[in-house]
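Student: what would the 3D arrangement of this be:
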Amino acid sequence: MVEHTDADIHGPRDIGRLLLRCADRPGLIAAVSGFLTQTGANIISLDQHSTEPVGGTFMQRTIFHLPGLPAARDGLERDFAAQVADPFGMDFRLTEAAKPKRVAIMASREDHCLLDLLWRNRRGELDMSVVMVIANHPDLADAVRPFGVPFIHVPARTEIRDEAEQRQLDLLRGNVDLVVLARYMQILTPSFIEQVGCPLINIHHSFLPAFIGASPYRRAKERGVKLVGATAHYVTDDLDEGPIIEQDVVRVDHRHSVDDLVRLGADVERAVLSRAVLWHCEDRVIRHGNQTICL
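Tutor: Coordinates of the predicted model:
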């Protein structure tokens with residue numbers, strides 16, 4: 001994965017991102033490139049992948065510069081659909097690099113992932129606009145306040161889950177482009193996932209499917225694990241089985257205590273979640289079945 005951002009290449013204004021997916025066939029790259037050339041756009045970078053040499057699924061991420069893109073965007077999208085996407089049966093998404101994703105973060109009591117995202121965003125490392133933090137406990141309100149982000153406490157106990165999810169949906173629906181579950185320790189219902197209207201990214205330790213439930217690091221220590229890791233994935237109706245965006249691990253041994261495992265695990269969770277959120281916000285992630293392709 002490249003380290004630079006699209007803004008590094010040519011500045012954010014007038015930079016477009018075009019992501020597409022379709023059945024592979026000859027002429028796809030030429031069709032996309034030819035269309036952009038005819039509109040006066042200059043292609044800055046182009047990454048593509050096909051799942052099979054013949055008969056696979058083709059995916060492409062194109063970064064281009066087009067003077068006056070904000071004004072031309074709607075027409076460009078319509079013309080691309082009519083001239084390229086529809087004839088080739090493409091699913092596509094056209095975005096502007098200068099418009100950060102609106103992001104809501106959901107949390108519970110653990111602060112490491114939440115504060116890391118807010119800190120990276122404040123430093124300019126994550127190109128997104130954090131519009132709210134929603135938590136089912138009030139504990140983190142003071143920690144969030146210095147970042148100037150609204151903190152909204154929505155109790156979400158099992159017995160009031162329906163009311164809590166409705167309140168959350170009222171806050172989120174139509175107002176955000178992404179929801180990040182930063183160690184939000186509640187299971188979201190399929191109804192919530194369907195109605196929220198945007199992707200959700202979750203982070204969890206990589207002991208799954210082993211050591212599920214309470215005290216996973218203690219159980220891992222008792223089992224003598226040699227690796228501690230984390231997984232960031234999109235949320236689906238299948239609990240913790242959505243398309244994986246990013247993973248990482250750190251090696252441990254018998255010298256590490258349970259507290260050491262928890263600390264090391266938190267470090268990996270922060271890094272993995274921030275990378276997954278960055279790649280999503282930079283439109284690098286294309287879903288393919290229950291997998292992701294990061295371009």
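
Student: for the helix or strand where residue 168 lies, the distance to its chain's centre please.
Tutor: In this assignment (DSSP states H and E), residue 168 forms part of helix 161-172. Per CA atoms, centre = their mean, to the nearest Å, the displacement of helix 161-172 from the mean C-alpha position of its chain is 21 Å.

Student: what does stretch 160-174 give?
Tutor: On CA atoms, centre = their mean, the centre of stretch 160-174 falls 21 Å from the chain's centre.

Student: what would that stretch look like as CSV? C-alpha coordinates only.
Tutor: C-alpha atoms of stretch 160-174 as CSV (Å, rounded to 0.1, in the frame of the first residue of the first chain):
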residue,chain,number,x,y,z
ILE,A,160,-33.8,-0.7,25.7
ARG,A,161,-32.0,-1.7,22.5
ASP,A,162,-34.9,-0.8,20.1
GLU,A,163,-35.2,2.8,21.6
ALA,A,164,-31.4,3.2,21.6
GLU,A,165,-31.0,2.2,18.0
GLN,A,166,-33.8,4.4,16.9
ARG,A,167,-32.1,7.4,18.6
GLN,A,168,-28.8,6.5,17.0
LEU,A,169,-30.4,6.2,13.6
ASP,A,170,-32.0,9.6,14.0
LEU,A,171,-28.6,11.0,14.6
LEU,A,172,-26.7,9.2,11.9
ARG,A,173,-29.1,8.6,9.0
GLY,A,174,-28.3,11.1,6.2
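
Student: I'd like the average pLDDT over it.
Tutor: For stretch 160-174, mean pLDDT is 96.

Student: same question for stretch 179-198.
Tutor: pLDDT averaged over stretch 179-198 gives 96.

Student: would you mark the buried spots in that stretch?
Tutor: Neighbour-count burial for stretch 179-198, counted by 16 or more other CB atoms under 10 Å, picks out 179-184, 186, 188, 192-193, 196, 198. (Glycine included, C-beta is placed from N, CA and C.)

Student: just the helices in the stretch 1-150 of the chain please.
Tutor: 6-10, 28-38, 69-80, 86-88, 112-122, 141-144 (DSSP state H, counting those that start in this stretch).

Student: reformat those helices as TSV; add distance to residue 60.
Tutor: Shown next, in TSV, are those (distance: least, CB to CB, whole Å):
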stretch	distance to residue 60
helix 6-10	15
helix 28-38	7
helix 69-80	13
helix 86-88	11
helix 112-122	28
helix 141-144	38
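
Student: most neighbours per residue, which of the ones you listed?
Tutor: Burial of these is given as mean neighbour count (mean count of other CB atoms under 10 Å); helix 112-122 ranks first at a mean of 20.

Student: can you tell me what sits against that one?
Tutor: Here helix 112-122 makes contact (CB atoms under 8 Å, 6 or more residues apart in numbering) with 105, 107, 126, 128, 130, 133, 140, 143-144, 147, 149, 180, 182-183, 203, 266, 269-270, 273-274, 277.

Student: about what we covered before: mind putting the helices of the stretch 1-150 of the chain in CSV, mean pLDDT included?
Tutor: Formatted as CSV, the helices of the stretch 1-150 of the chain follow (pLDDT from 0 to 100):
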stretch, mean pLDDT
helix 6-10, 51
helix 28-38, 97
helix 69-80, 97
helix 86-88, 97
helix 112-122, 98
helix 141-144, 98
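
Student: sort out which of the contacts of helix 112-122 are in strands and list them.
Tutor: Residues of the contacts of helix 112-122 located in strands (DSSP state E): 105, 107, 128, 130, 133, 180, 203.
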